[in-house]
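>>> Below are the sequence and a predicted model; questions follow.
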Amino acid sequence: MRLSFASAEIKGPARAGRRTKTLAERLEPGDIAIIDHRDLDELAARSLADRRVKAVINAAASISGKYPNNGPQVLWQAGIFHLDLAGDGLFAAVRDGDRLTVRGNEIWRNNELLATGRVVDGELIAEQMRLAEKNLDSLLGAFVQNTLDYALREKELILGGLEFPRLNTSFAGRHALVVVRGKSYREDLRAIKHYLDEIKPVLVAVDGGADALLEYGYIPDLLVGDMDSVSDAALCRARERVVHAYPDGYAPGMERIRRLGLDARVMRAPGTSEDIALLLAYEGGARLIAAVGTHSNMIDFLEKGRKGMASTFLVRLKVGNRLVDARGVSQLYRHRVSGRSLLLLTLAAGIPALVMACANPTVRHLFRLLALRVRLAL
């Protein structure tokens, strides 16, 4: 039964972090997570829900009504108490481990009122989502214009103006699977497990996609990204690494690589790391490229804080003849075997065994003895 958020009283230790995905890694069940995440996206909300926090307090607006973001709905469905608009001052007032009490929309430490916020419940979410739906038309116009403007600047992605690093990973003539830790990545990886085990494609992880692969027992052949949302364990276990650098050559991810004593290639390119991963597989000669968890629509990019999708649009123009997008494949068909089907299947499997048994002289003799015992008993 879901708690009435308006009259709730929640107590627990505070854990604060301005980067939700980084904070999620150190949360424990029962914590009160304090974040600064405008328009909370679905993936970030799931990372909080998976940690079984008692409450989420957002300094910013979790749902502004600008576009339909699903993060607040994820927390609501998980029954997690949620406040937003608590204000930036909360980060200065609260230290990790402070015992907080949340009463309705008020945040207390002992007898000190620290801040007030807005209770994010089903009614508020529905209201803001209706507002967001009305904004979609004007938002789409601006998004398309930004995409076209940036496409003109990033056209080297399809015109061959990029310099690709020499890799040890061989794609030539093989299938490649590019894994991004995006929506439904867990379900989709489970759905294509037979493909992974039978075809054994080259496994390319984009940042946290390396952790996603390790979660299912697979080691990434190649890890591509800024190296800002992948665990140290996954970074170390990847067989090869490519750090995505800005067009000017600055590669902030290399600092972490050096700190861990690892080696990596660097690739300068505009766009996103998942674009680079697709291009590396394509230019490497992959016969087919499957993608899981990638970002492919306007809401995906708005949730990432991008106002257009120029690089992704251009890259998919180039690699499209080899690309199979497996995102959401788990939703295509969910077959449930009925009890009647299981009974018929068992009977069908048993008939050949019975026929073979009856054809055996020893088994026939046992059946005769059993029939004789029954007759005598009667």
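That came through fine. Numbers count the residues shown, from 1 in each chain.
>>> who's in contact with stretch 178-188?
Residues outside stretch 178-188 that contact it (Cβ atoms under 8 Å, 6 or more residues apart in numbering): 42-43, 189, 203-213, 215, 220, 229, 274, 277-278, 281, 289-295, 300, 326-331. To be clear about C-beta, it is placed using only N, CA and C from the backbone, and glycine gets the same treatment.
>>> buried set for that stretch?
178-186, 188 (16 or more other Cβ atoms under 10 Å).
>>> Please, where are all the strands along the stretch 151-300 of the chain?
Assigned by DSSP state E, counting those that start in this stretch, the stretch 151-300 of the chain shows strands spanning 175-180, 202-206, 222-225, 241-245, 265-268, 288-292.
>>> which non-adjacent residue is nearest Thr20?
Excluding its sequence neighbours, the residue lying closest to Thr20 (Cβ to Cβ, 6 or more residues apart in numbering) is Ala44, at 4.3 Å.
>>> helix or strand right after the biggest strand by length in the chain?
With secondary structure taken from DSSP state E, the chain has its longest strand at strand 9-16. Going down the chain from strand 9-16, the next helix or strand is helix 20-24, by DSSP states H and E.
>>> what's that next one packed up against?
strand 32-35, helix 42-50 (3 or more Cβ pairs under 8 Å, 6 or more residues apart in numbering; DSSP states H and E).
>>> Rebuild these as CSV, extending it with mean neighbour count and mean pLDDT.
Compiled in CSV, the helices and strands packed on helix 20-24 are given as follows (neighbours: other Cβ atoms under 10 Å; pLDDT from 0 to 100):
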stretch, mean neighbour count, mean pLDDT
strand 32-35, 26, 98
helix 42-50, 21, 92
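>>> of those, which approaches Leu90 most closely?
Between Leu90 and the helices and strands packed on helix 20-24, the tightest spacing by Cβ to Cβ is seen for strand 32-35, at 6.1 Å.
>>> which of the contacts of stretch 178-188 count as buried?
Buried residues within these, defined by neighbour count using 16+ other Cβ under 10 Å: 42-43, 189, 203-213, 220, 229, 274, 277-278, 281, 289-295, 300, 326-327, 329-330.
>>> List the buried residues of stretch 95-115.
So, applying 16+ other Cβ under 10 Å, buried residues of stretch 95-115: 98, 100-102, 105, 107-108, 114-115.
>>> circling back: kindly reformat the buried residues of stretch 178-188 as a markdown table containing pLDDT and distance to Arg38.
Formatted as a markdown table, the buried residues of stretch 178-188 follow (pLDDT from 0 to 100; distance: Cβ to Cβ, whole Å):
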| residue | pLDDT | distance to Arg38 |
| --- | --- | --- |
| Val178 | 96 | 29 |
| Val179 | 95 | 27 |
| Val180 | 92 | 22 |
| Arg181 | 88 | 21 |
| Gly182 | 81 | 19 |
| Lys183 | 77 | 19 |
| Ser184 | 81 | 24 |
| Tyr185 | 86 | 24 |
| Arg186 | 87 | 26 |
| Asp188 | 89 | 28 |
